[in-house]
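Enquirer: take this sequence and fold it.
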Amino acid sequence: MPGTPGLDADQQAVLALPVGASAVVLGAPGTGRTTTAVALVADRIGSGALQADEVLLLAPRRAQASRLRDRLLLAVGRPVSSPLARTAASLAFDIARRDAADDGRDAPVLLSGGDQDRIIAQLLEEDASGWPERLGPDVRATRAFRGELRELFARCTERDIDWAALADLGETTGRQEWRAAAAFWREYLEVLPAVEPDAFDSAELVALATAAVLRGRPGALAGRLRLIVVDDMQDLGESAVGLLAALAGRGCAVVAFGDPDVASDTFRGGEPDLLGRFEQRLGIEAPARIVLGTVHRHPERVRRFVSAVTARIGTALAGPQRTATARPGGAPVLSVEADGPGALAARIAHLLRERHLDHDVPFAEQAVVVRSNALVEPLARALEIAGVPAITTGGSADAADRAPRALVEVVAVALGLLPLTPERAASLVTGPFCGLDRLALRRLRLALRVEELEGGGSRSAGELLVEALAAPGRLATIDTPAVRRAARLARSMQEVRDRDAAGASAEDLLWHVWDASGLAPVWRERALGAGLVAAEANRDLDDLVALFASAARAAERGPTDPAAGFLAARLEADVADDSLAPRGIRDGVLVTTPVGVAGLEFDTVVIAGLQDGVWPNLRPRGSLLGLTELVAQLDERGAPATAVDERRAVLSDELRLFALAASRARSVLLLAAVANDDEAPSVLLGLADGPAPDGTATAPNALRPLVGLLRRSAVTGSGTERQEAAAALARLARAEVPGASPSSWWGLAPISTDEPLVPDPDLPVRVSPSKLERFEESPLDWFQERVAGGEPMLAGAIGTMLHWVLETARSPDESELLAALEGRWRELDFEADWVEARERRLADRMISAISRYLADLERDGTRLIGGETPFEFRLGRALATGTIDRIERDRDGHVRVIDLKTGSTRPSAAQTATHAQLGVYQLAVRAGVVEGVAADDPSAGAALLYVRQRTRDPYTLLTQRPLDEEGAQAFRDRIAAAADGMAAGVFEGPVEPDLRFGSSPFRPMLLRVPDVCGG
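Expert: Numbering: from 1, shown residues only. Purely as a prediction, here's the structure:
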C-alpha cells in the first residue's frame, strides 16, 4: 500500500485471528482490504501455520486473481507448487476435472461466453417456443436478449433450478416468457452435447464442483484447503457462495473481505448483502467481525466525496465501514464541462498532461472511467488524437476489431464461408492485408475494365475484381503496383484453399495470411513509435495475438476439427472471449469501465461521460425476461418488487459503480460531462466541490496546440509578443517539432514558377464548351479540376449511360430503351442494394422521359441528323473542341442543337440565353465545322433537354434563341478571354464572404505545358 510502511491496528487484528477462525472484514475503499488479505495469506504460510496448498486467496475476477498471485509470490518470498490466488470458476474447474478423472469421465470443457452466445443465436433463428408477442423474432435476434437468456440460465443453475422447475414457476406465476425460456433451455441442453461435448458454462462448472465437494470428493487440491481468504466478496455470485459453503462444511475456514458499497457485479448475480448474511449463507456460526477504520489511499476530501455517494445507498446489512476516516487535506473534487465530446476530450487530455508534466505523475498512474464499454474506444481514440497515450482493457468481440475481423474475413472468403461479392472484394483489397487506398482501388478497377473492353466484354469492374481475387492468374496480364498487390492477396487466398484441403488448422491458415502480408515489420515499426498511429498499431497487434491464441486453443480442444468451424464462430461472435493472450505494455492512461478498475488504484482518476440518463442509468436490468423478479421468486424474498423498488435498487447499483470508480483515486478526482442544448450533465456532477479552471486556450501543455498559439501570436500579437513567439518557434523548429518551422507553413513557400501554362502564343489553348462557364465562375476551381481531376460520381456514370441510350435509340419505344439500359446497367457499381434500387427507379423515369421526347419528335416530323457529333474550330489562340449530343432538323428544315441534362439543377431563362455550352455549339454550327450541317442552314437555336423532372411534365426544354451577329460576337469574346485566362500562370478563386484573412491568387507549382494542355 503506497505511503504505508506497515499495517495499522485494525489490520493487525485480522492477522491475529486464530488459524482456524472464520471472519468478516469490512472496510471502506482504501482501508487496505486487499493488502490485509495478502498479508494474512503470507503470514499463515510464512509462520508455518499452514502449508501453501492449504490456503487460497479467492478473487471475483481473473485479472484480480492474476495480480494477487504476483503479490503473494513476492510476499511469501519463495516458489510454491500450487496457485495461491484463483477465481471461484478456476477452483471449480480444478475440482470438476479431478472428479471426472476419478470417475473415468472425459474432462469438462469451459464453454466461453462467445461460444454460448453463438449457439444460442443459432437456435433462436428457428425457435418457436411460445414466446410472448412482445418478444418477437426481431427482439430475440438482438444481442441484449441473448445476454439476458444466458443470465437466466446462470441464475437458475446457481440455485439448482432446472428447466422443468422454471417451467412450473412460469406456469404458477403466469409468466409466459419464463415458460418459453424453459422450453428453449431444454432444447439448448439437448443440442449442446452434440455441438460442444462435455462443455459447461462457468455457473454449471461451479455447480458440478459444489456437488463433488458435497459428495466428499473435492479433489486433491481443494481437499487440503484449511483456509480460504476472499477478496471483494460482495462481487461473488450465488454459485461461488454455494461452493464456499460446501468447503466450509468440510471444516475450511473462510475470511471474507469486502464492502457492499462498491459491489460492481450485481447485474451478473452479485449480492451486495452477502457480507451481512455471511453466517446464514455459508453456515458458519458466530464468525469474528472486524472493521478497518483508517483510509490510507486518499485524503479527506476524496473520502468525503465517496462518503457522500455511499450515504445515498442502502447499507445492505452492513454499514460500520462507512465510519472510516482519512488524513486531512487533499485536492478538491472538481468538475469539467464542455459543449461537445471533442471539446471535453481536449479538456480531459489537458488535465492529464498537466498532472504528467507539472506533477511528474506517469500516465500509467492515471485513469479515465466511463459507464459503459461503448464509450471506451471513442474516448481512448480522442485522447490519443489529443496527444495523450491511452490504453484499454480490451475484451471486445472480433466483430468490432478491425485487424482480427479483416484477417478472419480473408480466410473465410478463401474457404467460401463468405460470398465473394463485388462489395466484399473491394473491402478485401482496401483492408489491411492488401492495403490499397481508394485511389489505388479506382486504378485497379479501371485497368480491369479497360482490358475487358479491349477484349470485347461488357462485365462491370466489380465482377472483374471478384474474378481476379478468385483466380490469381487473371491478373498476370496487367502490371501496375495496385494490381501486383491484389495479385499477392489472390495468391495468398489460393494457398489458403490448398492448405485447408490438406487439413491445416485455423491457426495455420490465419498465420499464413498474416505472414504473407508482410505487415509484421511495418506494424512493429509503427507500434514502437508515438502518437495515434502507434496506439492503433499496438491495439491491432494485441488483438491479433488474442485471435491467434484463441485459434490455438481451438486446435488443442479439437485437433481434427475443420478450420471452417472456428472461422464461422469468429464471424458470428457478438460476445468477446476472455483472452489469455498477453497484451503489450505501454505507459498510457487506462480508459475503462468501473469493473475494469476494480482492485486497482491511481494517482488521478477522471470519471467521464456523466450525462443525464447515462450515469445513473435507471433502466431496469433484465427487463425483457424479468430477471429481477425471477431471482426474487427463486430466493423466496417475498412478493415481487414494485417499479419504484426496482428503480431504487437500480439507482443503488449505479451509485455503487460510481463510488467504486471515485474511490480508486489517491490524489486527484475529476468529474467530466458534456453540457449543451442536447445533453445535460448528470446530477452526480453536482457532488463536486466546484469547476476546474480551463487552461486549454491560454496555457496549452501539448506541442501541437502550443505551436498553433505561438504561430497566431507571431502573426497577430503586439511587438514584444511577436518577438517572444518567434523566438519560441525558432527553438521548437530547431528541435524539429512539426509545424514550428515557417518552411512548412502554407502560403509562405516561395513560388516555384510564375511561367504561364502556355507560354508560346502560337500554341493552341483548348477550350471545352462544358468547362467554359466553369472557368468563368472560378478559374481556380477550373485549374484544380483540369490538373488534378475530380472524384468520379455515380450520377455522372448514370448520365453517361443515358446519353448513350439516347444516341443509339432507333425508335421511341420505351421497352427498347429500357432494354438498352439494362444491357449496360451491370457496368455500374453501387455501395448497397438499396442505392442501386433507388438509382434504377430514377433512371427508369428518365428513360420514360427520353421516350416521350423522341415520340414527340417523331410526331412533329423532326428527324435526327447527328448524335455525339464532334467539332473543332480555331478562334485566335483558342481551339474550341467538343461533342454535341444531338443535332435535329425540323419539318421546315431548321437545325437545332440539343444537349441532354440528367441533373436536377437548371438555369433560369436569362441564364439559358447566355448559356456558354449552347452558345459554343451554335458557333460551331455557324462555322460549318459540324458534320451533316451546312454553315448557311437556317437555325432554330439550341436547347437543354432535362429529363429529371420535379413536375408531371415528362421532360423540359430550355431553349436558346438563334444567335445573331451581335450574340455570336459576344460568345467569341468570351471564348477568347477564357483562352487567355487558361494560358496564364495565376488563377484566382472567388472571394468567400466569411474568409478571415482575405483572398489571394493561387499560383501553380512546376507545371509543364504539354502535360496540362496537350499542346
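
Enquirer: average pLDDT across stretch 243-252?
Expert: For stretch 243-252, mean pLDDT rounds to 90.

Enquirer: with stretch 161-177 instead?
Expert: Mean predicted lDDT for stretch 161-177 stands at 88.

Enquirer: got a list of contacts for it?
Expert: 130-132, 135, 156, 178-183, 185-186, 189, 624-626, 629-630, 633-634 (Cβ atoms under 8 Å, 6 or more residues apart in numbering). All C-beta spots, glycine's among them, are computed from the backbone N, C-alpha and C.

Enquirer: all strands of the stretch 501-650 of the chain, in order?
Expert: 589-592, 602-607 (DSSP state E, counting those that start in this stretch).

Enquirer: actually the stretch 851-1000 of the chain, not the one I wrote
Expert: Going by DSSP E, counting those that start in this stretch, the stretch 851-1000 of the chain shows strands at 863-875, 878-889, 895-901, 939-946, 956-960.

Enquirer: out of the ones you listed, flag the one nearest Ala468.
Expert: strand 863-875 (31.8 Å; Cβ to Cβ).

Enquirer: name the helices or strands packed onto the closest one?
Expert: Applying 3 or more Cβ pairs under 8 Å, 6 or more residues apart in numbering; DSSP states H and E, one finds that strand 863-875 makes contact with helix 794-808, strand 878-889, helix 916-926, helix 965-982.

Enquirer: off-centre distance for it?
Expert: 54 Å (Cα atoms, centre = their mean, to the nearest Å).

Enquirer: cool, and stretch 847-859?
Expert: For stretch 847-859, the distance to the chain centre is 50 Å (Cα atoms, centre = their mean).

Enquirer: show me what counts as buried in that stretch.
Expert: Within stretch 847-859, the residues scored as buried using 16 or more other Cβ atoms under 10 Å are Ile847, Ser848, Ala849, Ile850, Ser851, Arg852, Tyr853, Leu854, Leu857.

Enquirer: enumerate every residue touching the first one.
Expert: For Ile847, the contacting residues are Leu802, Val805, Glu814, Leu817, Leu818, Leu821, by Cβ under 8 Å, 6+ apart.

Enquirer: who wins for most neighbours among the residues you listed?
Expert: Leu817 (24 neighbours; other Cβ atoms under 10 Å).

Enquirer: element containing that one?
Expert: Here Leu817 sits within helix 814-825, counting by DSSP states H and E.

Enquirer: mean neighbour count, the strands of the stretch 851-1000 of the chain: which tops it?
Expert: Of these, the one with the most neighbours on average (mean count of other Cβ atoms under 10 Å) is strand 895-901, at a mean of 22.

Enquirer: pLDDT on it, on average?
Expert: 93.

Enquirer: now that strand and strand 878-889, what's the angle there?
Expert: 100 degrees (axes from the mean of the first three to the mean of the last three Cα atoms, to 10 degrees).

Enquirer: what does the helix holding Leu817 contact?
Expert: 458, 801-802, 804-805, 808-810, 840, 843-844, 847-848, 850-851.

Enquirer: check contacts around Ala39.
Expert: Ala39 neighbours (Cβ under 8 Å, 6+ apart): Leu7, Gln11, Val14, Leu15, Ala75.

Enquirer: model confidence for it, exactly?
Expert: Value for Ala39, per-residue pLDDT: 94.

Enquirer: hang on, the earlier thing: weakest of the strands of the stretch 501-650 of the chain by average pLDDT?
Expert: Across the strands of the stretch 501-650 of the chain, strand 589-592 gives the lowest mean pLDDT, at a mean of 92.

Enquirer: packing partners of it?
Expert: strand 366-369, helix 376-385, strand 390-392.

Enquirer: so which residues make contact with it?
Expert: 352, 363-364, 366-370, 376, 379-380, 383, 388-393, 596-597, 600, 602.

Enquirer: and what of stretch 669-678?
Expert: Here stretch 669-678 has contacts from 298, 302, 305, 331, 333-341, 344, 347-348, 351, 604-611, 662, 679, 681-682, 684-685, 687-688, 692, using Cβ under 8 Å, 6+ apart.

Enquirer: just the residues you listed: which are in helices?
Expert: Among the contacts of stretch 669-678, DSSP state H puts Val302, Phe305, Pro341, Leu344, Arg347, Ile348, Leu351, Ala662 in helices.

Enquirer: kindly give a single ChimeraX line that selects the buried subset of these.
Expert: Restricted to buried positions by 16+ other Cβ under 10 Å, the ChimeraX selection for the ones in helices among the contacts of stretch 669-678 reads:
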select :302,305,341,344,347,348,351,662
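
Enquirer: for the ones in helices among the contacts of stretch 669-678, work out which two are farthest apart.
Expert: Val302 and Pro341 (26.2 Å).

Enquirer: what about the spatially closest residue to His350 that is not a sequence neighbour, neighbour count?
Expert: Using Cβ to Cβ, 6 or more residues apart in numbering and skipping residues adjacent in sequence, the residue nearest His350 is Thr696, 4.8 Å away. For Thr696, the count of nearby residues is 18 (other Cβ under 10 Å).
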